[in-house]
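In: I would like the atomic coordinates for the input below:
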Amino acid sequence: MAFKKKEECPKPPAWLTSFSDLMSLLLTFFILLYAMSTLEIPSLEKFLSYFRKNPEFYPKRTSIIQQINHPKDYAVKIKKRISKVLPPWAYQIVVSEEYVKLRLFDKIFFQNGDFRLTDKGIETLEEIAPLLISLEDKISNIRIEGHVSPTVEVKSSIVKDKWELSGRRATEVLRYLEKRGVKHTKLVAVAYGDTRPLYRWRQSILVERNNRVEIVIYFKREKEK
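Out: Predicted structure coming up:
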């Protein structure tokens, strides 16, 4: 008795493969646009509040603080200086009511898999240091955070693991800023290793952007007289 051969699943049309590739590329493109943008957390919260079901449950913020200069104003000055040295994809600025966070990404800022600053990295810190010194009275502290990607390969014989690599990178930035005149009492270095990635997608460009140093500049808030 002859058995009829079971039919295989039909192959998808050829255009579907090209279309899926196009969608993936578009997604990556928009993620990169987001990664290179300047984020204002208060504005983002206000935007998201319009989509909440019960916005009245979120109390309005009241403050007795007079904001003479908003951190956004300082972020504009920082961006103006850095844009002279770095291309837009090499850094990212995040702004909140309390701080300005400057993200400096790997490859252009550090040697690959190492903690030593590149010429571009040194040039960038040369632009940042005078501004930090001029704002010394307005800054409460400067937190320098080191981060690495889970896929990074440690290529320095001095460094044992990713955690130490992230710490060395943060310390390298701290020491250079101190060398250029920023008060050491304002500076603190923190290592996070690969525990706080920005992006978890398995896309090589985004994975590389997890290698970064973040300079978080906290500003004092003056009470109203």
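
In: list the buried residues of stretch 123-140.
Out: Within stretch 123-140, the residues scored as buried using 16 or more other C-beta atoms under 10 Å are 124, 125, 127, 128, 129, 131, 132, 135, 139. Using the backbone N, CA and C atoms, a C-beta is placed for each residue, glycine as well.

In: quick one: low-confidence parts of this protein?
Out: Scanning the chain for pLDDT under 70 picks out 1-10, 32-69, 112-113, 156, 222-225.

In: tell me the SS of the residue sitting nearest the centre point of it?
Out: Nearest to the geometric centre of the chain sits residue 103, at 3.7 Å (C-alpha atoms, centre = their mean). What DSSP: H, G, I helix; E, B strand; the rest coil gives for residue 103 is strand.

In: so which of the buried residues of stretch 123-140 would you say is closest to residue 87?
Out: residue 124 (11.4 Å; C-beta to C-beta).

In: so how far is whatever helix or strand that closest one lives in from its chain's centroid?
Out: In the assignment (DSSP states H and E), residue 124 maps to helix 119-134. How far helix 119-134 lies from its chain's middle: 17 Å, per C-alpha atoms, centre = their mean, to the nearest Å.

In: re earlier: would you list the buried residues of stretch 123-140 in CSV and tack on distance to residue 89?
Out: Formatted as CSV, the buried residues of stretch 123-140 follow (distance: C-beta to C-beta, whole Å):
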residue, distance to residue 89
124, 14
125, 19
127, 17
128, 18
129, 23
131, 22
132, 24
135, 26
139, 27
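
In: what packs against whichever helix or strand residue 213 is part of?
Out: Counting by DSSP H and E, the element that carries residue 213 is strand 212-219. If you count contacts as 3 or more C-beta pairs under 8 Å, 6 or more residues apart in numbering; DSSP states H and E, strand 212-219 packs onto helix 71-82, strand 99-105, strand 139-147, helix 162-179.

In: how about a cut-off of 6 Å?
Out: Using 3 or more C-beta pairs under 6 Å, 6 or more residues apart in numbering; DSSP states H and E as the contact test, the elements touching strand 212-219 are strand 99-105, strand 139-147, helix 162-179.
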